[in-house]
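Asker: The sequence and its predicted three-dimensional model are supplied below.
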Amino acid sequence: MSPAQTKSVLICGGGIVGLSCAYYLARDGWAVTVVERNAEGADSCAQGSAGYISPSHVIPLAAPGMVAKGLKWMMSSRSPFYIKPRLDADLLRWGWLFARSCTAEHTVRTAPVLRDLCLGGRKLFVELAAATGDAFELKHEGLLNLCKTQETLDHETHGLAALANELGVEARVLDAKQTAALEPGTKLDVVGSVYFPIDAHLTPRKFMPALTGLLRQMGVTFQWSTSVNGWRTESGRVVAAQTTAGELKADEFVLAGGSWSAAMTDGLDLRLPLQAGKGYSLTIEQPRFRLTKSMILTERRVAVTPMGDKLRFGGTMEIAGHSDRVRPERVEQIIAAAKFFLPEFTDADFAGIKPWFGYRPVSPDGLPYIGRFGRHPNLTAACGHAMLGVTMAPITGLLVSEILGGREPSVPLATLRPDRFS
Ligand SMILES: Cc1cc2nc3c(=O)[nH]c(=O)nc-3n(C[C@H](O)[C@H](O)[C@H](O)COP(=O)(O)OP(=O)(O)OC[C@H]3O[C@@H](n4cnc5c(N)ncnc54)[C@H](O)[C@@H]3O)c2cc1C
C-alpha cells in the first residue's frame, strides 16, 4: 500500500472543480470525501454555463483597457461587464487589485499560463470522455468569435488572434462568407470571425452526474447537504472542518467552494480576494435551427452553445455580490444580442424560458488560485477560475493531486499561489 492510500482528503465544495479534484485524488489512492452544502444533483455554476473548453481564452479578464471599459460599463446595468457600485471593503480592494492587473505586462506574463491550463484541461476532458463513454457529449467543433463590425474584427485579428497564434493556439481570421460556410445552421449577420479549431464544448448538465457516478464507482464518499462553517487548527495545520454534520477530520483539505471560497475560510486569517461574477443563460429546448459550432457574439460578450438537441445562450458578468435577484435588463441583453447577430432568431424563440443564473468565482488578476496556503500547509486552494472553471476543472484536479502527492506539477504554480495577494 502506498503512503497516499493511507491518507485522507476532505474536499470542501462539490462543484465541477471539487469533483474534478476528487477524481484525480481518488485515482492516486487517497481516501476522498466531498462535502457539499447542496443535495446531490442540485444546481452549480458549471451546470448552466456555456460548456466551452476554451484554449482560445488566453487573455485574462484583467486585460489592458478593462479599467476604462469597466468604469464606463459601471454606469449601466445593461453592459456586458457590470460592477454594481457599493461601499464594501472587499470589493474596493478587489477593484484596486483588478485595476493593477490590467496591464500589457500582466497579459504577456499570464497568457502562457492560461494557455497551458486550458490546453491541459482540453486534453484531460478527452480522457474523461473515454472514461465515461462520452456521457457528456464532448464536441470538437472549435469556436467562432463572431464580429459585427470591421473595427472589432481588426481588433480581434491584431489582439487575441495574433497572441493566440504566437502562443501556438491556432486562430484563423475569416470573412463573412467563410464564417457562414463553417456554420450553415442559421443566418449570421457578421463581417467575419476568428475561428479557433482547438476549442471544444460539452453538455455540463450531463457532465456533472457522469463524473459523480464515476467517483462513486471509485469509492469517493459524499457528504451532501452539509455546510462547512468553521475550522479546527493545531499549530497551523487544519485538523478538521466544522460542518453542520459535525467535525470532519482529514490529513489534507481542499478549498473548492467556488465564489464562496473566501467566505468559507472565515476564521483562518487568509486573504483570498474573490468576487462573485453573476452570469445568466437561456436554454432553448427545441431550437428551430440546428447549430454545430459554439460561438461568441463578440461585441456583446454573449456565448452560444449547441448542447445535444438544445441551444444555450449565456453571458454577462455582474459583480454585485450573491444576489438572487434576476435583472430583466441583463437577460434582455442576451436576447437582443442573439437577434442582432443571428437574425433568424426572434423573441418567440426565447418566450417562456426561465433564465438560469450562476456565480463565477472571479479573482482580481484573471488567474485561478491553485496551491497550498503558507499559513495552513495542509489546506490547498482550488478556486477562482472565473470564466474558465469548466475548461480548467480537470487540470486543476490533476494539479491538486500532484501537489498533495508531492509530484512535479504539470503546469508551473508560481503565478497561481493562493497567497499572492497577502
Ligand atoms: C453564464 C456562465 C457561463 C459560463 N461559461 C463557461 C464556459 O463556457 N467555460 C468555462 O470554462 N467556464 C464557464 N463558466 C464559468 C464556470 O462555470 C465556473 O468557473 C465554474 O463552474 C466554477 O466551478 P467551481 O466548482 O469552482 O464553483 P461552484 O460550481 O460554485 O461550486 C462550488 C460549490 O461549493 C459549494 N459550497 C459553497 N460554500 C460551501 C460551504 N460553506 N460548505 C459546503 N459547500 C459549499 C457550493 O454549493 C457549490 O456547489 C461560466 C459561468 C457562467 C455563470
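Answerer: Looks like it arrived, so ask away.
Asker: check contacts around Gly384.
Answerer: Counting by CB atoms under 8 Å, 6 or more residues apart in numbering, Gly384 touches 261, 272, 274, 361-363, 367-369. (Glycine included, C-beta is placed from N, CA and C.)
Asker: Could you list which of those also contact the ligand?
Answerer: Near the ligand, judged by CB under 6 Å from any ligand atom, the entries from the contacts of Gly384 are Pro361.
Asker: Out of the contacts of Gly384, flag the one nearest to the ligand.
Answerer: Nearest to the ligand among these: Pro361, at 5.2 Å, using CB to the nearest ligand atom.
Asker: Contact partners for the closest one?
Answerer: Residues near Pro361 by CB under 8 Å, 6+ apart: 45, 258-259, 261, 274, 276-277, 383-386, 389.
Asker: so what's the residue of the stretch 51-200 of the chain at minimum distance from the ligand closest to, chain neighbours aside?
Answerer: Among the residues of the stretch 51-200 of the chain, Tyr52 lies closest to the ligand, at 3.2 Å counting by CB to the nearest ligand atom. Closest residue to Tyr52 apart from its sequence neighbours, by CB to CB, 6 or more residues apart in numbering: His201 at 5.3 Å.
Asker: Could you tell me the phi and psi values at that neighbour?
Answerer: Backbone torsions for His201, taken as degrees, to the nearest 10, come to phi -150, psi 160.
Asker: Let me know how buried it is, in neighbour terms.
Answerer: Counted by other CB atoms under 10 Å, the residues lying close to His201 total 27.
Asker: Flag every buried residue along the lowest-mean-pLDDT helix or strand in the chain.
Answerer: Lowest by mean pLDDT, DSSP states H and E among the helices and strands of the chain is helix 66-73, with a mean of 76. The neighbour-count check on helix 66-73 (16 or more other CB atoms under 10 Å) flags 66-67, 70, 73 as buried.
Asker: What is the subsequent helix or strand relative to it?
Answerer: Going down the chain from helix 66-73, the next helix or strand is strand 81-83, by DSSP states H and E.
Asker: could you give the mean pLDDT of that next one?
Answerer: Strand 81-83 shows a mean pLDDT of 82 in the predicted model.
Asker: Partner strands of that strand, with direction?
Answerer: strand 310-319 (parallel) (DSSP bridges).
Asker: Between helix 66-73 and the strand it pairs with, find me the angle.
Answerer: Strand 310-319 runs at 90 degrees relative to helix 66-73, counting by axes from the mean of the first three to the mean of the last three CA atoms, to 10 degrees.
Asker: What are the contacting residues of the next helix-or-strand element following strand 310-319?
Answerer: Beyond strand 310-319 on the C-terminal side, the first helix or strand identified by DSSP H and E is helix 328-341. Helix 328-341 is contacted by residues 77-78, 80, 82, 146, 148, 188-190, 280-282, 295, 297, 300, 302, 304, 313-316, 318, 345-347, 349-350, 355 when judged by CB under 8 Å, 6+ apart.
Asker: Out of the contacts of Pro361, which sit inside helices?
Answerer: Within the contacts of Pro361, residues falling in helices by DSSP state H are 261, 389.
Asker: Reformat the contacts of Pro361 as JSON lines; add pLDDT and distance to Leu117.
Answerer: Listed next are the contacts of Pro361 as JSON lines, based on pLDDT from 0 to 100; distance: CB to CB, whole Å:
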{"residue": "Cys45", "pLDDT": "97", "distance to Leu117": "17"}
{"residue": "Gly258", "pLDDT": "98", "distance to Leu117": "17"}
{"residue": "Ser259", "pLDDT": "98", "distance to Leu117": "19"}
{"residue": "Ser261", "pLDDT": "98", "distance to Leu117": "18"}
{"residue": "Leu274", "pLDDT": "97", "distance to Leu117": "18"}
{"residue": "Ala276", "pLDDT": "96", "distance to Leu117": "21"}
{"residue": "Gly277", "pLDDT": "95", "distance to Leu117": "18"}
{"residue": "Cys383", "pLDDT": "98", "distance to Leu117": "14"}
{"residue": "Gly384", "pLDDT": "98", "distance to Leu117": "12"}
{"residue": "His385", "pLDDT": "98", "distance to Leu117": "9"}
{"residue": "Ala386", "pLDDT": "97", "distance to Leu117": "12"}
{"residue": "Gly389", "pLDDT": "98", "distance to Leu117": "11"}
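Asker: Quick one: low-confidence residue ranges for the stretch 1-150 of the chain.
Answerer: Low-confidence segments of the stretch 1-150 of the chain (pLDDT under 70): 1-5, 74-75.
Asker: Now do the same contact list for whatever residue of it ends up closest to the ligand.
Answerer: Per CB to the nearest ligand atom, Gly15 is where the stretch 1-150 of the chain lies closest to the ligand, at 2.0 Å. Contacts for Gly15 were tallied using CB under 8 Å, 6+ apart; they are 44-46, 256-258, 389.
Asker: buried residues in stretch 167-180?
Answerer: Residues of stretch 167-180 classed as buried: 167, 169, 171, 173-174, 176, 179-180 (neighbour count, 16+ other CB under 10 Å).
Asker: Same check on stretch 153-161?
Answerer: Residues 153, 156-157, 159-161 are the ones in stretch 153-161 that count as buried (16+ other CB under 10 Å).
Asker: end-to-end on it?
Answerer: End-to-end span of stretch 153-161 (CA to CA, to the nearest Å): 10 Å.
Asker: Show residues contacting that stretch.
Answerer: Stretch 153-161 is contacted from outside by 56, 58-59, 145, 147, 171-173, 191-194, 298, using CB under 8 Å, 6+ apart.
Asker: Alright, calling it a day.
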